[in-house]
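S.K.: show me the folded form of this:
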Amino acid sequence: MKRMLLAAILFAAPALAGAPSSAPVLSTDKTAIGQPIEVPQHPTVVTSIVTFQPGDKTAVHKHPYPHYGYMLEGTLTIVNTETGKSFELKPGDFLVEMQNTWHYGENRGTVPVRILIIDQLPAGVSGNTVAKQ
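M.R.: Predicted coordinates:
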């Protein structure tokens, strides 16, 4: 019996050692400013990589649907123009961006910012950014 147990452990150990591991980067049901995330029914997922060169700044805008970002490189400052509050995102940070709230993003650093963006859109909707007029 001991030999069978030892054999099972020896055979299982290499398989377990090579098994991928995972840990959540973020788990939340709220946006960066505490709003509940409102996901469209039967959403289409659209992903892209956005690059901000040093000094780049978006126009003031809002996202009507869920807009997520995973920071790959650089530091991005997000400014909520409705409250004047801002926060910074660094590599490894995951953002659940505010919905229907006017804001802008800016690279105030000296190196490019790269972000993996994930949008959840209703069927037939092609974009998730509304620019302030």
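
S.K.: what sits against the most centrally placed residue in the chain?
M.R.: When C-alpha atoms, centre = their mean is applied to the chain, the residue found nearest the centroid is Gly69 (2.5 Å). Residues near Gly69 by C-beta atoms under 8 Å, 6 or more residues apart in numbering: 50, 89, 94-95, 97, 115-118. For glycine as for every other residue, the C-beta is placed from the backbone atoms N, C-alpha and C.

S.K.: could you do Ala131 as well?
M.R.: Ala131 makes contact with 59-61 under the criterion C-beta under 8 Å, 6+ apart.

S.K.: make a PyMOL selection of the buried ones in the residues you listed.
M.R.: In PyMOL, this line selects whichever of those come out buried by 16 or more other C-beta atoms under 10 Å:
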select buried, resi 61
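
S.K.: what helix or strand does Val79 sit in?
M.R.: strand 76-80 (DSSP states H and E).

S.K.: quick check: end-to-end length of stretch 36-56?
M.R.: Stretch 36-56 has an end-to-end distance of 29 Å (criterion: C-alpha to C-alpha, to the nearest Å).

S.K.: least confident secondary structure element in the chain?
M.R.: helix 2-17 (a mean of 48; mean pLDDT, DSSP states H and E).

S.K.: relative to Lys85, which of the contacts of Ala131 is nearest.
M.R.: Lys85 has its nearest neighbour among the contacts of Ala131 in Val60, at 14.4 Å by C-beta to C-beta.

S.K.: ok so, going back, now do the next helix or strand after the strand holding Val79: distance to the chain's middle.
M.R.: Next in sequence after strand 76-80, counting helices and strands by DSSP H and E, comes strand 86-89. From the chain centre to the centre of strand 86-89 is a distance of 13 Å (C-alpha atoms, centre = their mean, to the nearest Å).

S.K.: before we move on, what about stretch 34-41?
M.R.: That offset, for stretch 34-41, works out to 14 Å (C-alpha atoms, centre = their mean).

S.K.: begin at 6, not 1, for the rest of this chat.
M.R.: New numbering, starting at 6: the last item is stretch 39-46.
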